[in-house]
Structure formats: structure tokens, C-alpha cells
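In: This is a predicted model, with the sequence first.
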Amino acid sequence: MKLGVLITTYNRPKYLERTLFHVKRAKWESGTVFCIVDDKSTDQETLRLIRDFMMDGYEVKKLTNEKNSSVSFSLKRGIEELFDSGCEVVTNLDSDAIIRNDFAQVMTSLYLSRHKPLSIVSGFNSRNKQRNGIDRHPVVSVHEGYELKRTVGGINMLFDLDTYQTYIEPTLTDVITNGGNWDHKVCLKALANEDYITVAVPSVVDHIGFDSSMKHTEEPDVACDFKPLHLPNVTICFIEGVNIERLKNPVRNSTKDIQFGKEVYLSPLKSNWTVPIRSLPSRAEYSKFCMKELYPYIETDYVLIIQHDGYVVDWTGWDDINFQYDYIGAPWWYSDGMNVGNGGFSFRSRKLLKALYEDDTINKFEPEDHHICRTFRRKLEKDHGVVFAPENVARKFSIEGWPGRKAIPHKGQFGFHGNLITFAGRTANKLIINQFRGLGDILFCIPLVREWINRGYSVTWPVETDYLNIQKHFPEITFVEKGKQKINYGSMKFENFKDAMVVPLLHANSILNVPYKDCMKSKYMLFNGDWQTWRAVTWKRDAVREDKLFYEVLGLKDGEKYNLVNHKFRTDRSGKSGFTPPLGEKNIELQFLREYTLMDWGKVIENAEKIFTVGTSINYVIEALDCKAKEINLYVRRPEEKDFSYYDYILSDKYNYILHP
């Protein structure tokens, strides 16, 4: 089938850039035609992106409306241009949509397998709820590889000419004149004839736009199961004989953006998520298992080996050229033509595994990567036709940081092994942290920043003036007044500033295009880190100040019963919750005292019988301390929050949290 791909856009460059990036990375059949319809954008970056967009070997049409009209007008114009160009089916993509690498294959396959006189296919599986809790897009029936739904969002649909003329064209014409949501009206037309929408499961499209081009105010649809890279003929695998827990983060990082054909995790240790194997008491036995025993466990054409210190860093570093080789690992230092490579994070074919498994003359094992890639390389090439990747391919695939050396910077490779730190490929010995507000945010990020310090980086952290007094609690970090550090606090980029690099933690959720409710998690996600490690936060306590506040300022006595109450929030303390603490009990109000930090309230917080507080930075302190109060009453911040979804995931089960909406 000849496929037409339509992208409509207007003045949203940060989304359009990612949409076009994904389109360029995807696989397309010969003859596919691409069309961009610009609704008279005025933004120069948008116009540049459109002007520069090309697809080698494919026809690309670029249309500009005479005046700013509407999404429906652009859709109608672009769809008809593609059908007039001989396309048999057309699929639209909003300019805030990203697609999986096999998007076209999945969509056309679903169309062919589900085709009837009138049919619409969508690659966007959203499970969003209405405000009343009902599914926004109700499911009619569930099948292998797809679901039938009553409605879908218009971010992506695929259809033929008959379907367009019956359902879509009349709707677009009506909406251009009378307004409304074209996608919902199209679905209702189809629904009237019981023509349900076929939706790919899992999604091959996701929605990254959170500022609606149609001025919608409800939470935007997002895919519930989207991963941008699908590698159906690759198994991800680890072999672990020491500590399974240390593999959880590498597995999470390696699979969050990639759907592998299979996941096979092997260990002699008891676990509900691994396949049991024989004991591996030493590195020698691990190496022997990799070379002589792994083959029966791998059913796909290829396997990706990961370890606790070697895993996927950047899914965009993947290149399908990797399938041309039987072994890829980070290059070593040799110069004799046998420099590839490291096995801690490596890509291997089943063909190689079979050769190792069956050839009894391959009888040296530890270290396994050395013997595969050097001792027996020539034999594997000559006798078994094994092809090792050239060094340039291996360098793009992975890098290795040698133990005992300073961490090396990541420069876009698919993965790594060893000692690595990633700052968007930039190098610097000094870091400036752009997270100047939110004491809770600062406390949340301390373990992340300490990791960088441990790796040899010096850290300067600009903060609001009222936070400067926390310096005594974190002596390894240099806190400076925000107004005296002249960086661009609004920038979402990793930028060089004099001899340092600015790390935009403040904007992590925007950089990653994740919902604002995940803004805290995103600060770790930006570096492929586990946000749960925030719980390792500690600070140097000032016992003298804590005692003075407890005994002299507040007049408390050891063993005295009291409640701690906090109504205030925001950095400038302008927010106040109106809840009423228990009457007839002693209530100590948390208050701003310039000579005391929030952490100096540690003794007061720890010894309270009960705590009543609005959600704010004190929550992070409570979680880090071992408080006497096992009952924590938590109140919603009004008016900006309606529930606790922005931070409820930080609340552990060591306290009984009573949530007051």
C-alpha cells in the first residue's frame, strides 16, 4: 500500500522538533509520501524546522495556509493532497505526537487485518479518565495486538479514501464552519454504524503536548503503554549471582523506552522475577556460563547483555546497523585489529551463542569478553562466520569507564559499562545547579548532587536568599545567593557558564515532557537515575541550635506532649492553609525564624505527638527523620492543588498519613 503521512502544525517548535525527529528515525516503506501543512506560523524556529525537514528517498510536500485557519482546515487540505498524490491510505500526526520506530508497519498491518468497507485505525492507546472517573475512550473489546474503542483522540488516525469521504471529510467541513472537536464527531459518526476504532496495543504513538493547540483545559490524553523503540528480535538479559536488587535500576533504565522481544533474567538467587540457574560462585563461573550455557535460554536472534554497572543510557543511540554484526561491545585500548570489545554491556547474536555452546575447542572462559573477542576471535570468524562490529560502530554503541578513573562523559551512545556520568555529552569539572527555589526540591535532589560530588565534580548551588543558611547542613556544597549568580534560570538547556556547566534540574519535567505531577521524579529521570534514592538524604545537624529552639525559644520540656502545626507554604510563605488544629491540646506552630533553618526544627518535629501540616518542604524532612508522631495529618495546598498527586509518592508507610483534601 502507498502510505501518506500528514503532519499539521502551528507555532509549537519544541514539540514539532521531537515529532520530526521521531519521523526521521522510523522505518518507512518505499513510496511513502510525507506532507506538512503549516497553518501560517509566525514563529521563526517552527518555520526553520519545516524548511529543513527532508526525508532521503521519499517525497515531501510542504503546504502553507494563506491565513491562520484551524487544525480542521489544515487536515482537510493535507489529506486531500495526499489522496490526490495516489496514496491508498493516509495517517495524520499532530505536531506534538511521537511515534515508535515500527509505527508504519504496525498501522498498515492492523488496517489490512481489520479492513472492512469503512474502518479507522489509531496507534494511540490512551486510558485517561474523565473528571467523573469514567474512561474517556471506552473499550468495546480486547484482542491480541489491538482493542476496539468507541472513540479515540485525533492525534493519530489511519484511513482509506472511502472512509475519509464517508466520515472524516463531512465532519471537517462542518467543523471548519461551525467549530467543535473534529475527532470526537468523526468517532460518533462511525459509532452510529457500529464501526468501532481499531487501536494498537501497545501504543505506537504518544502525545507530548501539554499546552493544547485547541485550547482544551482538561488533562491531555497520553498513551498508557508507549515506548519509542521496538526491538522484537532482541532479548534483554542479565546473569546475576551476587545481588539481584542492584539490577532493578539498570533493568528499569534499559526498558523504560524500549520494548524488547523478550526479557530473560537469570540468577541462582531466589526471586520472583528471575529464571533459576546453577550457582555462580565466582567471576570464572560467570564467564563460563556466558560462553557455554547461555544459548538455550535465548530464543530471539539477538541478546543484549546488561549488568549492574552497564545498561542502556540513551535509546536514540540505537542504530539498526547493529543487526549486521554478531558481537558489539565498547572498544578497548588495543591497536591490533581486535579492539571490540567490552562484554559488560554487549550485543550478541544467537549465532555467536550457538558457536560458543557447541564448539568444544573454545575452552578458556575468564574473562569471557577477552576470550570471545581476542583469544578465539579469529577462530569464530573463520570457522563459524561470526562478524565482529568495526570500532566506529562499537564506539557509537557503548563506552566504558575504567575502574579507578574519573567518570567519563556520555556523548549519545546507546549504553555504557563502568564509570559514567551523563550531562548531555558536555564536559566540565564544575557544576552549577539550577534549582533555586523549593526547599523540598533541594532536599529531594541532595543525593543526586552528592553522587556527582563523589565522582569528582565541584558544585555551586544558587538559591533564594532565605535558603542560604542551609549551608551549614551541607558543607560539601557551595550555596550562593541567586541574585549574584548571573545564569539564565529560565533556560532548559545544559549550558556552559564560564568554566562550569549549568544543570537545569528546575526544568527537568519540561525537558522530558512528563506531566507536572511527576516533576520531582523527573529530576532523577533526567539522568536515568532512580528517584527513590532521594530517601538517602541526610544533613549535618546542629544540635546546639536545635536544643536552643526547643528549650529556650519554644519553652518545651523533655517528654512534654504537643502537636506540631504548619499552615504556611511557598518560598515566600505567602500561602496559608485554613485548617484548624485540635482544640484543647498544645499546638506548636512552625514559623519562620531567620536564625533557624527548617532542619533546626528537627528536634521539635521528631518529638511531636501528632503533626498537622499543609503539603510543603516539611514533608521531606519528616520522611528523612524518625518521628515520634506516627500520625501525620496532611492538607491540600489551596488553590493550586486539588489533591496530593504531586507528591503522594514520597509518603512512606512508616507513618499513618491522614489525607485531608
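Out: Structure received.

In: residues in contact with Ser30?
Out: Gly57 (Cβ atoms under 8 Å, 6 or more residues apart in numbering). For the C-beta atoms, the positions are set from N, CA and C on the backbone; glycine is no exception.

In: Give the helix, strand or coil label for Lys76.
Out: When classified by DSSP: H, G, I helix; E, B strand; the rest coil, Lys76 comes out as helix.

In: pLDDT wise, what is the nearest residue to it once chain neighbours are set aside at?
Out: Counting by Cβ to Cβ, 6 or more residues apart in numbering, Lys76 lies nearest to Leu172, which is 4.4 Å off, once chain neighbours are set aside. According to the prediction, Leu172 has pLDDT 97.

In: Surely Leu172 and Ser72 touch.
Out: Yes. Look at Leu172 against Ser72 with Cβ atoms under 8 Å: they come within range, at 4.7 Å.

In: what's the neighbour count on the residue nearest to Lys76?
Out: 24 (other Cβ atoms under 10 Å).

In: and if you look at Asn243?
Out: 10.

In: Would you enumerate the residues in contact with Ala508?
Out: Neighbours of Ala508 in contact, by Cβ under 8 Å, 6+ apart: 519, 522-523, 525-526.

In: Now, those that are in helices?
Out: Residues of the contacts of Ala508 located in helices (DSSP state H): 519, 522-523, 525.

In: Tell me the helix or strand right after the helix or strand where the residue nearest to Lys76 lies.
Out: Leu172 belongs to helix 169-178 when elements are defined using DSSP states H and E. Next helix or strand after helix 169-178 toward the C-terminus (DSSP H and E): helix 182-192.

In: State the mean pLDDT of that next one.
Out: pLDDT averaged over helix 182-192 gives 94.

In: mind listing the helices in the stretch 1-150 of the chain by residue range?
Out: In the stretch 1-150 of the chain, the helices defined using DSSP state H, counting those that start in this stretch lie at 13-25, 44-52, 71-84, 103-114.

In: deepest of those helices, which one?
Out: helix 71-84 (a mean of 21; mean count of other Cβ atoms under 10 Å).

In: tell me which strands and helices that one is in contact with?
Out: strand 3-9, strand 33-38, strand 59-64, strand 89-94, helix 169-178, helix 182-192 (3 or more Cβ pairs under 8 Å, 6 or more residues apart in numbering; DSSP states H and E).

In: related to what we said a few turns ago, neighbour-wise, which of the contacts of Ala508 leads?
Out: Going by other Cβ under 10 Å, Lys523 tops the contacts of Ala508 with 25 neighbours.

In: Pull the contacting residues for that residue.
Out: 435, 441, 444-445, 448, 505, 508, 531.

In: redo that, cut-off 6 Å
Out: By Cβ atoms under 6 Å, 6 or more residues apart in numbering, the contact set of Lys523 is 445, 505, 508.

In: and the residue nearest to the second one when sequence neighbours are not counted, helix, strand or coil?
Out: For Leu505, ignoring the flanking residues on the chain, the nearest one in space by Cβ to Cβ, 6+ apart is Gln435 at 4.1 Å. Applying three-state DSSP to Gln435 yields a three-state assignment of coil.

In: what's the burial count for Gln435?
Out: 21.

In: now Asn101: how far from Ala26?
Out: 5 Å (Cβ to Cβ, to the nearest Å).

In: so what's Leu353 up against?
Out: Here Leu353 is in contact with 294-295, 298 (Cβ under 6 Å, 6+ apart).

In: where's it, which helix or strand?
Out: helix 350-358.

In: Following the chain onward from that helix, which element is next?
Out: The C-terminal neighbour of helix 350-358 among helices and strands, as given by DSSP H and E, is helix 368-370.

In: just to revisit the earlier point, out of the contacts of Leu353, who's the most crowded?
Out: So for the contacts of Leu353 (other Cβ under 10 Å), the most neighbours sit at Leu294, 22 neighbours.

In: In space, what's closest to it - neighbours in sequence excluded?
Out: Leaving aside its chain neighbours, Leu294 sits nearest to Leu353 (5.7 Å; criterion: Cβ to Cβ, 6+ apart).

In: List the beta-bridge partners for Ile632.
Out: Beta-bridge pairing for Ile632 (DSSP bridges): Ile611, Tyr657.

In: what's the neighbour count on it?
Out: 22.

In: From Thr19, how far out is it?
Out: 44 Å.

In: and if you look at Leu556?
Out: From Leu556 to Thr19 the distance is 59 Å (Cβ to Cβ).

In: Equivalent analysis for Leu564, please.
Out: 49 Å.

In: repeat for Ile470
Out: In terms of Cβ to Cβ, Ile470 sits 42 Å off from Thr19.

In: Lys364 contacts Ile372, correct?
Out: No. In this structure Lys364 lies outside contact range of Ile372 using Cβ atoms under 6 Å: 9.9 Å.

In: domain ranges for the chain?
Out: If you go by automatic domain parsing, the domain ranges for the chain are 3-207, 229-421, 430-536, 543-660.

In: so which of these gets nearest Pro220?
Out: Relative to Pro220, the nearest member of the domains of the chain by Cβ to Cβ is domain 3-207, separated by 6.0 Å.

In: Kindly check the end-to-end length of that closest one for me.
Out: 22 Å (Cα to Cα, to the nearest Å).
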